[in-house]
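[1] here you go, sequence then predicted model.
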Amino acid sequence: MASHLTSEPEKHDGVAVCWSCKGPVAAGALFCSTCEAVQPPGRMDHFARLGLEVTFDLDIKELERRYFDMQRRLHPDRFASGLPRERALSQQQAVSLNDAYDSLKDPLSRADYMVHLKGTEVLPEGCNLVNDMDLLTETMELREALADAKTTGDVDKIAGRAANDIEHCIRELSAYFAGNDLECACKLTTRLKYLRKLAEEARLCRVKIAAAR
């Protein structure tokens, strides 16, 4: 029974075939081109699942267009009267698409995903650990400044610096990924995580100071 709910497409002689009509199906296809049955999501990276090139510099509008188009075609209402297996597969496809979209739409999660996708076996061990003294010093200084902030204006200055650093970080990540410099991309991804966290801390600090007035 469990085999009927597998997320992998059936294969005959190494060629993916439709579970319903046994006709050949293209890799990553949502539907069989012969009988139009929903296909299992299969194993592929998030970029391939959405039909996109593996790049940090994604066209977000194109990402959204592809995602929402695929989700519309897989909406549960379209399969309410279908076979149980097809309903289950449509849900599997929708979950896989959600995971891909959520990972790629944001620069930080996209960078984190690409580091693991492209560099799991080639990056130095411990690259993701906070062992960069410059980063540690920068983070401590900004957090101390945030702790000492007395007015919303003080917080805004820190938040503004964090926002500028985040933009600069994203531009640098683009260059590192384009040059396949995975070690630097990994370190910069770690810095971006800390900057994002600091920006959120600044937002909460501002709310607290404003509420205390």
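    Happy to help now that I have it.

[2] strands along the protein, start to end?
    Ranges of strands in the chain, per DSSP state E, are 10-12, 15-17.

[3] make a markdown table out of the ones you listed and add mean pLDDT.
    Formatted as a markdown table, those follow (pLDDT from 0 to 100):
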| stretch | mean pLDDT |
| --- | --- |
| strand 10-12 | 72 |
| strand 15-17 | 86 |
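
[4] packed most tightly, which of those strands would that be?
    By mean neighbour count, with neighbours taken as mean count of other Cβ atoms under 10 Å, strand 15-17 ranks first of those at a mean of 16. Quick note: C-beta positions are derived from backbone N, CA and C, even for glycine.

[5] and that strand, how far out from the chain's middle?
    In terms of Cα atoms, centre = their mean, to the nearest Å, the centre of strand 15-17 is found 28 Å from the chain centre.

[6] hmm, who's touching that strand?
    Strand 15-17 has contacts (Cβ atoms under 8 Å, 6 or more residues apart in numbering) with 9-11, 23-27, 42.

[7] tell me the two of those that are most distant?
    Spatially, the most separated pair among the contacts of strand 15-17 is G23 and G42, at 16.2 Å (Cβ to Cβ).

[8] look at the two and report which has more neighbours.
    Taking neighbours as other Cβ atoms under 10 Å, G23 and G42 compare with G42 leading, 19 against 12.

[9] could you check how many residues crowd around F47?
    20.

[10] what mean pLDDT does stretch 56-70 get?
    For stretch 56-70, the mean pLDDT works out to 97.

[11] now do the buried residues in it.
    56, 58, 63, 66-67, 70 (16 or more other Cβ atoms under 10 Å).

[12] that stretch: how far from the chain's middle?
    So, by Cα atoms, centre = their mean, the centroid of stretch 56-70 is 12 Å from its chain's centroid.

[13] now swap in stretch 92-107 and tell me
    Here stretch 92-107 is found 7 Å from its chain centre; the criterion is Cα atoms, centre = their mean.

[14] as a markdown table, the strands of the chain with distance to D106 would be great.
    Conversion of the strands of the chain to a markdown table gives the following (distance: least, Cβ to Cβ, whole Å):
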| stretch | distance to D106 |
| --- | --- |
| strand 10-12 | 35 |
| strand 15-17 | 31 |
